[in-house]
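Enquirer: what follows is a predicted protein model with its sequence.
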Amino acid sequence: MSVANMKSVEMDQIVIRLAGDSGDGMQLVGDQFTITSAMMGDEVATLPDYPSEIRAPAGTIFGVSGFQICFASEDVYTAGDEYDVLVAMNPAALKVNLPSVKAGGTIIVNEDAFIDKNLEKAGYAENPLTSTELQKFKVMKIGMSKVAQKALEGGTMSPKAIDRCKNFVALGLMYSMFKRDKKFTNQWVQKKFKAKPELIDANTRALEAGWILGESGEVNDTHYSVTKRKVPKTAGNYRNVTGNTAAALGLIAAAQRSGLKLFLGSYPITPATDILHELCKHPDFATVFQAEDEIAGIGSAIGAAFAGALAATTTSGPGMSLKAEFLNLAMIVELPLVIVNVQRGGPSTGLPTKTEQSDLAQAMWGRHGESPIAILASSTPQDCFDTVVEAARLAIKYMTPVIVLSDGYLGNGAGVWKIPKLEELPEMTAKFRTDPTNFLPYERDPKTLARPWVAVGTPGLEHRIGGLEKEDRTGTVSANPLNHEKMTHLRAEKIARIADDIPPMTVEGNPSADILILGWGGTKGVIKQAVRNLTKQGVPVACAHLRNLNPLPRDLKPLLKKYKKVLIPENNMGQLWFMLRGEFLMDFERYSKVQGQPFRADEIEAKVRTLLEIKTGANS
Amino acid sequence: MSNPTPETPKASGLTRKDFLSKTDPRWCAGCGCFSAFNSLTSVFPNTGIPREKFAIISGIGCSSRLPYYADCYGFHTIHGRAPTIAAGVKLANPELSVWVVTGDGDALSIGGNHFLHLMRRNADIKLSLFNNQIYGLTKGQTSPTTKPGTKTKTTPFGNFENSVRPLALALAAGATFAARVPDTDGELLREAYTAAASHKGVAFIEILINCVIFNDGTYLPLTDKATKADTTLRLKQGEPMLFGADRNKGIRLGRDLKPEVVKIGENGVTVNDILVHDIHRKDSSLAYLLSLMDYPDSPVPLGIFRQVSEPVHEFRSAYPKKRNLNDLLCEGNAWNLGATGEISPVS
């Protein structure tokens, strides 16, 4: 078949899942496909799925590494529930991912890896490529290793090195299938391997070989693409960004906006470490301290805040547990601090590389004593930037620690991000007290109740702070019963007043529906996708999303009262649900998923249908 | 990167009184903490450092109440964690003079990890450990430095654990300045604090504090006028390690690499056989051996053990040229979408 005979199919969105061994380079190929699609003007959302082992034994089920891409003509909210295309580099990758391939979907396999040893490791009694197992799919069997060998034969590279180029054969084939422009990847290869010309040559040739194979018509007869978007995007600079990178850049941007020095005290922990990595790359913007443990991470940050820096610490669940005592100190000494918790599956060591939203209760109540701390949650990878900036703004303005709840799904997930300009960021000014006249360390701003921020080193304002209860206004150590009660109330009231400084709730979907889906944090994308799908199917449904979890928006309760049913999906046992029942004396529908995986849109759709007593239709 | 040249100290025009806050110290009458506090506040005005540049950071315990009593910046933090706060203060503003005040339980039990890392990083932070060999504020439990056999509330039949030697630990972790002083020797306290203040790098000062309530007299053999000449060894830079009421005893390095007590004139021993103290010796092995010497087997060395110059933590990173925020945000494959929909890479 020649190119002229290739069919062309346009779709609204296409979901591709790339899967292979940790060492197969699937994340890299995924990144390239993503950036190329984004630069071609498509909308993209991605989700990497790493095993927790660094290099798990080759060919095993638990060593399968995945990368999922959804590209579309309209805004995409998730990387998709099921795959239109699965690229499986070995039998284990096929076995793990087959259940989520759409009926009639395409499966591209590296036939060279379907040998007895690998089939056995994956638990296949019979080769699925020759049995009837894949009957209902369109299967492309490609000897990717052989294609790479042929393309690179006669060169100087070792057979092992050549075999490593098979991921670019797969990428080339996909570029042909999905009409992607190869130039962005070729440019990247030139830049990346500047010092190793033989790798530039090898990768370029492997990509080309895959592409030629795709165009030949031998293995594929159809070009797929997504329709061009109808509403043009706003002009400006864009990039693909993961949630963790966005959080790191958000800290830098907040420091630049507020004119403060940025300090990060942190300790490596999955899945938050990429924030630390990113900030380490930018010592011209951030002083980064890799602390000896989680406690020292936050301790150093509190010290930096005392000395007048915009201070932050980044961690995940187990680290939050260790930081609890210091969080209390930051709270009682009333110093600004941003704490980013990239939540993972708990409790204890739990599921380090998997996602969960189960640290909300800990953020609210996980400290001894009455310890109110502001809590925000980021909702998309891009929103990790904005949420961190907002956390810094509130921390400085109200002189308080602010916890940002991200999660593994957001931290590792990526999307196209419109890069903001410094002047577009919310205004935030750090006002340091420098006037010694009538200075009292705990005299409060009448509106925000914030105490003055005095950087160590300011002449005439020498004072002492500490974890002991202090007298109102003077800050002197005090065990007076009524003073303690007053200070407890003042600290609570200060956080409560943040509610005057946050945007009202917004509702999407059909606002006059009977049912509202209320989400927080990383479920935003999937909820919006579910609402979009249900709306298309004629089911009236609305959704709203919470960024501010403490304090809650003032208009939340009246909003919830408008709906007959409120569904709260959470990747925990119902922590927001519990909180709102206590706060509002209202009842809500709880929907819990704790599998270390985010919700799928179709799961939420099914739940809504059940609640509305709609019988399952053919298209659900 | 080399350490910045220290500026010549200028007289700040301040006196000890300027460093006393309105809060009077509330240690027990006769507590050794008074003496340490008095020495610290007498040294501060003589360093030439302005008062606002001082930050005293403490943990939890009797010693850690000290920041409330000094009129400079102070932070009474949480148990064991003062070094972490101090690290952040110093990194955020390297111009500050940062002092950690801690105790044996605070620094060596709950805060052991932070203590180790503060020493090995060589941040320009001074740590003063008030070692009274007991938990005082919680009323008398055994601490990591309590001597074996000591009866405390948690060891009513005598302490059965081995104790930590703070100086040995600090030196093993890489302390570039290390000293030991008893609370009874005000002159040596001031000397050690003065030397620590001008040292560029981490400074560890162990102060032997007498707890009059829960561990009274634990250091008596070392501080009693009648015995101290024979039970202690005053280390002096460049001088032979001689001690004793008649200064006729000294320390010689034995064949088994153990410092041994010898008598001048006995068995042909002359003063030339006696070790000469050198605080600037790069290698810390001898200082470490000295830190293991203990009464009653040998005299307890007092004074400055080590003072060497090494790169300081907060000045070790090399910073690249500063970029602007937009350049930073656009790094890593950014593209520009033009008003008419054309896409071009952002260079």
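Expert: Arrived safely.

Enquirer: list the buried ones in stretch B:262-281?
Expert: B:262, B:264, B:269, B:274, B:275, B:277, B:279 (16 or more other C-beta atoms under 10 Å in any protein chain shown). C-beta: built from backbone N, CA, C; applies to glycine.

Enquirer: how long is it end to end?
Expert: With C-alpha to C-alpha, to the nearest Å applied, stretch B:262-281 spans 23 Å between its terminal residues.

Enquirer: go on, stretch A:35-45?
Expert: End-to-end for stretch A:35-45, by C-alpha to C-alpha: 11 Å.

Enquirer: buried set for it?
Expert: In stretch A:35-45, counting by 16+ other C-beta under 10 Å, buried: A:35, A:36, A:37, A:38, A:39, A:40, A:41, A:42, A:43, A:44, A:45.

Enquirer: so how far is that stretch off the chain centroid?
Expert: Between the centre of stretch A:35-45 and the centre of its host chain there is 18 Å, according to C-alpha atoms, centre = their mean, to the nearest Å.

Enquirer: for the record, mean pLDDT for that stretch?
Expert: Across stretch A:35-45, pLDDT averages out at 89.

Enquirer: and residue B:170, how many neighbours does it have?
Expert: As a burial measure, residue B:170 scores 35 neighbours (other C-beta atoms under 10 Å in any protein chain shown).

Enquirer: for it, what are its contacts?
Expert: B:115, B:119, B:178, B:204, B:206 (C-beta atoms under 8 Å, 6 or more residues apart in numbering or on different chains).

Enquirer: in a strand, the third one, correct?
Expert: Yes: under DSSP: H, G, I helix; E, B strand; the rest coil, residue B:178 falls within a strand.

Enquirer: in this structure it contacts residue B:201, no?
Expert: No: taking contacts as C-beta atoms under 8 Å, residue B:178 lies outside contact range of residue B:201: 11.0 Å.

Enquirer: quick one, which of the two is more surrounded?
Expert: Relative neighbour count places residue B:178 above the other of residue B:178 and residue B:201, with 30 against 23, counting by other C-beta under 10 Å.

Enquirer: let's check: the centremost residue of the chain is which one?
Expert: Since you didn't name a chain, this refers to chain A. Nearest to the mean C-alpha position of chain A, counting by C-alpha atoms, centre = their mean, stands residue A:410 at 1.0 Å.

Enquirer: chain B is the one I meant
Expert: residue B:204 (2.0 Å).

Enquirer: from chain A, how far out is that one?
Expert: Distance from residue B:204 to chain A, counting by C-beta to the nearest C-beta, to the nearest Å: 17 Å.

Enquirer: excluding its backbone neighbours, what's nearest residue B:292?
Expert: residue B:168 (5.8 Å; C-beta to C-beta, 6 or more residues apart in numbering or on different chains).

Enquirer: dump the residue contacts of that neighbour.
Expert: Residue B:168 is in contact with B:288, B:291, B:292, counting by C-beta under 8 Å, 6+ apart.

Enquirer: can I get the residues you listed in a markdown table with distance to residue A:597, pLDDT and secondary structure?
Expert: Below are those laid out as a markdown table (distance: C-beta to C-beta, whole Å; pLDDT from 0 to 100; DSSP: H, G, I helix; E, B strand; the rest coil):
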| residue | distance to residue A:597 | pLDDT | secondary structure |
| --- | --- | --- | --- |
| B:288 | 54 | 98 | helix |
| B:291 | 55 | 98 | helix |
| B:292 | 56 | 97 | helix |
